[in-house]
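*Asks:* here is my input, please return the structure:
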Amino acid sequence: MKKLFSCLAFLFAFLTTGQVMAGGGGSGATKFYAKSTVAVAEESSGRGTVYFADGKSEETQDGNTLFGGDGQYVSFNVFVTPAEGYKFDKFTEDDGKDFTFNDGDPQNLTVYATSTDAANPNLFNFKAHFVEKGGPVESVSLTGAEGEELGYYVNVIVGETLQLKAVITPDNAENKNVTWEAIQDEEVISVDQNGLVTALATGQAAVVVTTEDGEKQAMVNVVVVNPADKTIADFLANGGTCLLTGVVSELNEDKDAFTLTDATGSVKVMTTRVGEDVEDGNEIVIKASYYDKTMKAVLGGTYIENHGVPAPPKVYTFEVQADEETFTVTPSDEEVKYYIEIVDAAYSDDAIEAYFDQIFDEMGSGLEYFTGTQTQSYADDWYIDEPGEYKIAVCAVSADYKRASDLKVVTFTIEAPAEPALADGDYLIMNVSGGYLGGGNDWGTHASLLGKPQWFTVAMTDGKYT
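*Replies:* Residues are numbered from 1 along each chain as shown. This is a model prediction of the structure:
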């Protein structure tokens, strides 16, 4: 790697200047000095070893500027050897931040030196981190560069960049390789294979990351705005004329009053008529000219355009199973809240729908919700002791206590008690086993006559022995 770097430097110098500045003191050459140390991070102790090519834990290198340059990139070759059952994960710098390195064997750490004093080189300290070898990738999600959560979409100003980070679960997955892709009708953004998004023109696009192992995916929408555009939080704080992009909710029938929400906050918008095609859930752009702090609303805004629906609805799924004694509700996501009612089987699905809507309108957060897999007994928990047909009706519940899924209805039957095997009357029963017929002294003196056949008369009334 070091040889390759030197060759590239030579070629670049030759192509751009027609000459190469000699490393050891060619005319006009300036040497820059960097010193680096490497060690195994404390939490990775015993998981591997790390050292420079000469076997030491520290090394000083120097380099030469090219013609017209003002500094020098200095490379250090580092050998990393994981212990059995572990793999090399990353390097971090003094401040704990991840350090981007050129992968290989050995790894190549390239730093930028500014010191021209060999006795006082720039110092760079690195820690090597090792993790346990893991299994397959289970999922991937997207965050900002520092791990900050992202909404369904993020705003980026034209000409600026956004660093995305793919977070793979489990953390020690064996294969963490991913590919990045921009999905767009027009060239609004570009994204490189390190997750760096560059905003090229106003519009909307999506960034999709896909894992090599299992092809798991995560996506975020990117809305590229003009420099004059603001987030809702900025607008609420400072006011002024600007473009606001957000998702519509609570749109009235006249389509001139609604709530606009982006990742930073929400604001009421009044006297701003939007297009006939705009519905709740659409992402739109408006020009906000005035913020009334008393009314806490945008007044006199102008509708610009409709971006459509930026976020698909949350899909909640669950299974409902029933038998003669219990029923079980198993959601696909253990965090999903859901509400259960047991109703008479004579209710139609439409009647149950209307019944649920009324319950949610009147009760809201006052209802008793369930999460995770629930198994309930009819007799113990739901007090159903009459035979007949019933229905279990279940729906998912959103964070704001609204119905968030279609009803799932399962019919079950509570069976009537079985008819007595024997009709009422007197029966003559013989004890032929030498044991008790029914046990206990209620059977008279048979205990003293064990071992001999005996006859007993039993009366049955209403299916019970008397």
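
*Asks:* what about Gln358, which SS state?
*Replies:* With DSSP: H, G, I helix; E, B strand; the rest coil as the basis, Gln358 sits in helix.

*Asks:* show me where pLDDT drops low in the stretch 351-466 of the chain?
*Replies:* Within the stretch 351-466 of the chain, the stretches with pLDDT under 70 are 379-381, 400, 417-456, 462-466.

*Asks:* strands of that one, start to end?
*Replies:* Along the stretch 351-466 of the chain, the segments classed as strands by DSSP state E, counting those that start in this stretch run 370-371, 374-377, 388-397, 408-414, 425-431, 454-461, 464-465.

*Asks:* most packed of these?
*Replies:* With neighbours taken as mean count of other CB atoms under 10 Å, the strands of the stretch 351-466 of the chain reach their highest mean count in strand 388-397, at a mean of 20. In short, each C-beta sits where N, CA and C put it, glycine included.

*Asks:* how far is that one from where the chain is centred?
*Replies:* 30 Å (CA atoms, centre = their mean, to the nearest Å).

*Asks:* quick one: the strands in the stretch 51-200 of the chain, in order.
*Replies:* 58-64, 72-82, 86-92, 98-99, 107-113, 122-132, 139-144, 153-157, 161-169, 178-183, 189-191, 196-199.

*Asks:* same for the last one, what does it pack against?
*Replies:* If I follow you right, that is strand 196-199. If you count contacts as 3 or more CB pairs under 8 Å, 6 or more residues apart in numbering; DSSP states H and E, strand 196-199 packs onto strand 153-157, strand 161-169, strand 189-191, strand 217-225.

*Asks:* next, count neighbours for the nearest residue to Glu93 once chain neighbours are set aside.
*Replies:* Nearest residue to Glu93 in three dimensions, chain neighbours excluded: Phe99, at 5.0 Å (CB to CB, 6 or more residues apart in numbering). Phe99 has 16 neighbouring residues, counting by other CB atoms under 10 Å.

*Asks:* gap between Phe99 and Val131?
*Replies:* Distance, Phe99 to Val131, using CB to CB, to the nearest Å: 16 Å.

*Asks:* that older thread, now distance to Lys176 too, for the strands of the stretch 351-466 of the chain, in a markdown table please.
*Replies:* As requested, the strands of the stretch 351-466 of the chain are exported to a markdown table (distance: least, CB to CB, whole Å):
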| stretch | distance to Lys176 |
| --- | --- |
| strand 370-371 | 31 |
| strand 374-377 | 36 |
| strand 388-397 | 33 |
| strand 408-414 | 38 |
| strand 425-431 | 76 |
| strand 454-461 | 74 |
| strand 464-465 | 70 |
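
*Asks:* residue ranges of the helices in the stretch 201-350 of the chain, please?
*Replies:* Along the stretch 201-350 of the chain, counting by DSSP state H, counting those that start in this stretch, helices occupy 232-238, 349-363.

*Asks:* got the contact list for the most centrally placed residue in the chain?
*Replies:* For the chain, the residue nearest the mean C-alpha position is Ser141 (5.3 Å; CA atoms, centre = their mean). Residues in contact with Ser141 (CB atoms under 8 Å, 6 or more residues apart in numbering) are Ala166, Val167, Thr169, Ala218.

*Asks:* ok, Asp229 touching Leu243?
*Replies:* Yes: Asp229 lies in contact with Leu243 (CB atoms under 8 Å); the separation is 4.2 Å.

*Asks:* helix or strand next in line after the lowest-mean-pLDDT helix or strand in the chain, which one?
*Replies:* Ranked by mean pLDDT, DSSP states H and E, the weakest helix or strand in the chain is helix 2-17, scoring a mean of 33. Scanning forward in sequence from helix 2-17 by DSSP states H and E, the next helix or strand is strand 31-40.

*Asks:* centre of the chain to that next one, how far?
*Replies:* 39 Å.

*Asks:* packing partners for it?
*Replies:* By 3+ CB pairs under 8 Å, 6+ apart, strand 31-40 packs against strand 48-52, strand 58-64, strand 72-82, strand 107-113, strand 122-132.

*Asks:* now the first one: buried residues?
*Replies:* I take that to be strand 48-52. Gly48, Val50, Tyr51, Phe52 (16 or more other CB atoms under 10 Å).
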